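K.L.:
Make a model of this:
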Amino acid sequence: MKPSGHAGKAYELTAGTSDNMDTIAEQFSEVLGRKITYVDVPFDEWKLGLRDDMPEHLFQHIEVMIQLHRDGRYDKVFDGFQAILGRKPSTLRDFVLAHPKEFGLALQDPSSQNP
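P.N.:
Numbering: from 1, shown residues only. Here you go, the predicted structure:
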């Protein structure tokens, strides 16, 4: 689709799947070859630890986003990404393998990894 074909349209941009944090930790574990565990830090404890590390307006924004996430507001999958780019979104696996250094992986040919 040409850029003019997007005029006046709004797209919901999401990943190709809607995964909970435990599933995401499992995916990281598989790709990285080591155990990754999700720890659900209580919201009030998390807020206390972060409040002093950022400007108040940013803290408030993140606080709202976390609550919306916990309420299931973002537990959706839409095809906006594919409608714009003509391909499915990358998976978490694709992202990690595309950035091996950042995740402590030895540089290697990503195609050598198991699908």
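K.L.:
ok, residues contacting the longest helix along the chain?
P.N.:
What stands out as the longest helix in the chain, according to DSSP state H, is helix 56-70. When contacts are taken as C-beta atoms under 8 Å, 6 or more residues apart in numbering, the neighbours of helix 56-70 outside the stretch itself are 43, 46-47, 50-51, 54, 74. Using the backbone N, CA and C atoms, a C-beta is placed for each residue, glycine as well.
K.L.:
Any buried residues in it, and which?
P.N.:
Judged by neighbour count using 16 or more other C-beta atoms under 10 Å, helix 56-70 contains no buried positions.
K.L.:
before we move on, the earlier item: please identify which pair of the contacts of helix 56-70 lies farthest apart.
P.N.:
Taking C-beta to C-beta as the measure, those reach their widest spread between R51 and Y74, a distance of 23.0 Å.
K.L.:
Three-state assignment for I24, please.
P.N.:
Secondary structure, DSSP: H, G, I helix; E, B strand; the rest coil: I24 is helix.
K.L.:
who touches it in this structure?
P.N.:
Counting by C-beta under 8 Å, 6+ apart, I24 touches 38, 92.
K.L.:
Low-confidence stretches in this protein?
P.N.:
Regions of the chain meeting the criterion pLDDT under 70 cover residues 1-2, 107-115.
K.L.:
Do I have it right that S90 meets H99?
P.N.:
No - with contacts counted by C-beta atoms under 8 Å, S90 stays clear of H99, the gap being 10.8 Å.
K.L.:
Comparing these two, which residue is more hemmed in?
P.N.:
Neighbours of S90 and H99, each counted by other C-beta atoms under 10 Å, are more numerous for S90; the result is 14 against 10.
K.L.:
how far away is that one from D52?
P.N.:
As defined by C-beta to C-beta, to the nearest Å, S90 lies at a distance of 35 Å from D52.
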